[in-house]
Structures are given as structure tokens and as C-alpha cells.
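> pasting the structure only:
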């Protein structure tokens, strides 16, 4: 049974930082790409960041480029999203996703709330 557990969300002031974690079990994590998505109230879920299975390639949405950093520690089956210079428009529920390379089956975490407000 595949399980993704996110943590690290919370309330932060504009300009602050948070680091989200996503720990996977039941999946060959080191052979799986990982992405972070977010969904704000009344909006569609959007892709925020991508990291390849080896960690050698990353990509970001324009709205977070230069502020967010995606990384992973395959030995710990854990991925991260470091979020700096947070803005109120970053407020959303953040979800991690993983998909084993060469497959089309997606696995999702339960989501963690990030609120940026003074």
C-alpha cells in the first residue's frame, strides 16, 4: 500500500519561510519522480515544482521560481519543498505526488495547509 505523508505546513508571515516534507512508503521512491502541487480556494490544483527520480533535474512554476527549492533524500524516502520569501498568494493546500518512472499511476499525499498572512 502506497502512502505519502506530508508535514511542515502552517501559518507564516509574508516574507517568511517554511519547509514541507513528504515521506513515502510502499513505493520504490528512488525510481519515482516527485512533484509538489497546490490548490487555493476556488482555484484549480497547479503544479509547483518537479524533481526527477535521481534528483538531477528540477523544474518550477514561474510563480515560485527563485523562491522555492525542491529536493529529495532517497535513502530516507523523503522529498522536500523549501519555500522562502512567501507571499499571501502562496496560501493553499500543498500536495506531494509521486509516480514511478515509466508508469502512469500517480500517488498523492493528503495535503498540508500553508497560510501566508500578517
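Right, received. Where do you want to start? Since the model is a prediction, treat every value here as computed from it, not as a measurement.
> show me what the most centrally placed residue in the chain bridges to in the sheet.
A centroid search over the chain (CA atoms, centre = their mean) returns residue 36, at 2.9 Å, as the residue closest to the centre. The residues listed as beta-bridge partners of residue 36 by DSSP bridges are residue 49, residue 96.
> identify the residues contacting it.
20, 22, 47-49, 70, 79, 81, 94-97 (CB atoms under 8 Å, 6 or more residues apart in numbering). (C-beta placed from N, C-alpha, C; glycine too.)
> for residue 105, same thing?
Per CB under 8 Å, 6+ apart, neighbours of residue 105: residue 99.
> and if you look at residue 37?
Taking CB under 8 Å, 6+ apart as the criterion, residue 37 is in contact with 45-48, 94-97.
> could you identify the most distant pair in these?
46 and 96 (13.9 Å; CB to CB).
> who's more crowded, the two?
residue 96 (29 against 13; other CB atoms under 10 Å).
> wait, the more buried one touches residue 22, no?
Yes: judged on CB atoms under 8 Å, residue 96 makes contact with residue 22 at a distance of 3.4 Å.
> shared neighbours, those two?
4, 6, 34, 36, 79, 81, 109.
> nearest to residue 116, of these?
For the shared contacts of residue 96 and residue 22, the nearest to residue 116 is residue 81 (14.1 Å; CB to CB).
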